[in-house]
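S.K.: pasting a predicted model and its sequence here:
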Amino acid sequence: MPPNRKRRAAPENESSEEADGSPPPTQNAPRRRRRDSSSSEGYAGEGSDIRAPTSTDVMVKKLVRLALASEYSRQPLRRTDISAKVLGEQGARQFRTVFDEAQRVLGEKFGMQMTELPVREKVTVHQRRAAQKIEKASSGNKNWILTSLLPPEYRRPAILRPSKAPLESTYTGLYSFIIAVILLNGGTIQEQKLDRYLQRTNTNTYTPVDRTDRFLQRLCKEGYLVRNRDVDGGEEVIEYILGPRGKVEVGTQGVAGLVREVYGQQDADEPDEELEIRLARSLGLQAPHGRAQERPAENAAANEEDGDQGPRGQRRQQPRRRGRTESGSEGEESG
């Protein structure tokens with residue numbers, strides 16, 4: 001019985017295929033393969049310029065993401081983090097290639113660049129002695145942050161969107177004010193004096209952190225400030241100086257702009273020369289060029305009025321000198 005069933009089933013299948021007029025599946029398979037191969041060749045011809053990502057491209061993308069994530073949390077991008085999280089053991093020799101390519105991507109797509117942070121200053125005696133024992137800073141100790149490449153006309157407050165973080169503007173204004181106070185006080189300020197400045201401005205009310213001391217700790221952690229403790233005459237002295245991020249992100253130019261915005265004449269066509277001279281003296285900037293040229297002219301005019309110097313004054317005084325010498329010589333002859 002089973003063999004008879006198989007024989008009957010075979011003719012039925014053949015008759016159904018003949019009625020439909022469709023070829024057997026064995027004939028469709030080569031045609032489909034030919035179509036797939038031809039289509040794949042066509043796609044390959046159209047996208048011949050597209051290349052598969054290499055290991056260097058992958059490392060560049062990782063470095064760009066790491067730089068953006070570090071800047072979002074206000075943490076410096078360290079060379080050790082790049083070696084561990086981006087390059088690994090195989091890409092240790094490709095640091096310069098990956099770094100330059102990531103710098104190009106950041107500039108073209110995000111308008112930013114990685115800027116190297118300066119080394120922290122050694123102020124106290126203990127820090128200087130410790131620095132003498134340590135060898136010179138190697139390339140493995142370098143840190144970077146992201147800074148903007150946009151021109152000033154694209155960074156005006158009138159066209160910038162407000163930050164999504166509710167207290168970001170308050171935080172930026174407070175640390176800019178503290179950095180300005182430190183630089184205008186000679187680059188360092190004692191903790192008690194800084195506390196008096198913060199009390200005058202009601203920082204406890206407007207600080208994004210619950211207390212002022214924690215706010216200062218956060219600024220030190222993020223690199224805006226550096227807190228130094230030293231012992232002078234048996235008493236502990238605590239001072240604040242400018243940190244690496246504060247020097248790069250704000251610096252003397254940022255402080256000068258803040259002072260001009262607060263104390264300068266906004267409607268004046270020309271800058272206030274007296275204010276510029278004081279800023280140059282306090283921040284160590286270059287004195288205004290126009291003021292430097294006016295001083296010799298003013299001195300020359302004053303000297304001409306007094307008659308002490310200048311060709312006219314000398315010519316007027318020459319006959320008097322000759323008369324005195326002649327009278328003196330005549331007196332000697334008569335004597």
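M.R.: The structure has been received and is ready for your questions. Numbers count the residues shown, from 1 in each chain.
S.K.: from now on I want contacts and neighbour counts done on CA atoms only, so please keep to that.
M.R.: OK.
S.K.: which stretches of this structure form strands?
M.R.: 77-78, 112-116, 143-148, 188-190, 225-232, 235-242 (DSSP state E).
S.K.: turn those into CSV, including mean neighbour count and distance to K85.
M.R.: Below are these laid out as CSV (neighbours: other CA atoms under 10 Å; distance: least, CA to CA, whole Å):
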stretch, mean neighbour count, distance to K85
strand 77-78, 20, 11
strand 112-116, 19, 17
strand 143-148, 20, 15
strand 188-190, 18, 37
strand 225-232, 16, 28
strand 235-242, 17, 30
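S.K.: relative to T201, which of those strands is closest?
M.R.: Nearest to T201, of all these, is strand 188-190, at 16.7 Å by CA to CA.
S.K.: so which elements touch that closest one?
M.R.: Where contact means 3 or more CA pairs under 8 Å, 6 or more residues apart in numbering; DSSP states H and E, strand 188-190 is packed against strand 235-242.
S.K.: which helices and strands sit right next to the strand it packs on?
M.R.: helix 168-184, strand 188-190, helix 191-200, strand 225-232.
S.K.: quick one: which of those is nearest V255?
M.R.: Nearest to V255, of the helices and strands packed on strand 235-242 and by CA to CA, is helix 168-184 at 5.2 Å.
S.K.: mind saving the C-alpha coords of that closest one as PDB?
M.R.: The C-alpha coordinates for helix 168-184 follow below in PDB (Å, rounded to 0.1, in the frame of the first residue of the first chain):
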ATOM      1  CA  GLU A 168      23.600  77.100  34.600                       C
ATOM      2  CA  SER A 169      23.600  80.900  34.000                       C
ATOM      3  CA  THR A 170      23.700  81.500  37.800                       C
ATOM      4  CA  TYR A 171      26.600  79.100  38.200                       C
ATOM      5  CA  THR A 172      28.500  80.700  35.300                       C
ATOM      6  CA  GLY A 173      27.900  84.200  36.600                       C
ATOM      7  CA  LEU A 174      29.100  83.400  40.100                       C
ATOM      8  CA  TYR A 175      32.300  81.700  39.200                       C
ATOM      9  CA  SER A 176      33.100  84.400  36.700                       C
ATOM     10  CA  PHE A 177      32.600  87.000  39.500                       C
ATOM     11  CA  ILE A 178      34.900  85.000  41.900                       C
ATOM     12  CA  ILE A 179      37.600  84.700  39.200                       C
ATOM     13  CA  ALA A 180      37.400  88.400  38.600                       C
ATOM     14  CA  VAL A 181      37.800  89.200  42.300                       C
ATOM     15  CA  ILE A 182      40.900  87.000  42.500                       C
ATOM     16  CA  LEU A 183      42.600  88.400  39.500                       C
ATOM     17  CA  LEU A 184      41.800  92.000  40.400                       C
END
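S.K.: pLDDT below threshold where in the protein?
M.R.: 1-52, 122-140, 266-269, 289-335 (pLDDT under 70).
S.K.: which parts of it belong to which domain?
M.R.: Split into domains by automatic domain parsing, the chain comes to 56-152, 167-284.
S.K.: and the shortest one, end to end?
M.R.: By that I understand domain 56-152. One end of domain 56-152 to the other measures 34 Å (CA to CA, to the nearest Å).
S.K.: try the longest one
M.R.: Taking CA to CA, the first and last residues of domain 167-284 lie 32 Å apart.
S.K.: cool, stretch 221-229 as well?
M.R.: Where stretch 221-229 begins and where it ends lie 16 Å apart, using CA to CA.
S.K.: alpha carbons only: can I get stretch 141-150 in CSV?
M.R.: Output in CSV follows, covering the C-alpha atoms of stretch 141-150 (Å, rounded to 0.1, in the frame of the first residue of the first chain):
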residue,chain,number,x,y,z
ASN,A,141,50.0,64.1,32.4
LYS,A,142,48.4,66.4,29.8
ASN,A,143,44.8,67.4,30.1
TRP,A,144,42.4,69.1,27.7
ILE,A,145,39.0,70.8,27.7
LEU,A,146,36.8,71.8,24.9
THR,A,147,36.7,75.5,23.9
SER,A,148,34.5,77.2,21.2
LEU,A,149,35.9,78.1,17.8
LEU,A,150,32.9,80.3,16.9
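S.K.: for it, which outside residues touch it?
M.R.: 67-68, 71, 75-80, 107, 111-117, 245, 249 (CA atoms under 8 Å, 6 or more residues apart in numbering).
S.K.: again with stretch 69-76
M.R.: Stretch 69-76 is contacted by residues 77, 143-146, 222 when judged by CA under 8 Å, 6+ apart.
S.K.: nearest to I159 among those residues?
M.R.: L146 (21.1 Å).
S.K.: would you quantify the distance from that closest one to L66?
M.R.: Distance, L146 to L66, using CA to CA: 11 Å.
S.K.: equivalent analysis for S148, please.
M.R.: Counting by CA to CA, the gap from S148 to L66 is 17 Å.
S.K.: need the strands of the chain in CSV (columns: distance to R218).
M.R.: Output for the strands of the chain, formatted as CSV (distance: least, CA to CA, whole Å):
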stretch, distance to R218
strand 77-78, 18
strand 112-116, 21
strand 143-148, 17
strand 188-190, 18
strand 225-232, 9
strand 235-242, 13
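S.K.: so who does Q113 touch?
M.R.: 103, 106-107, 146-149 are the contacts of Q113 under CA under 8 Å, 6+ apart.
S.K.: thank you kindly, that will do.
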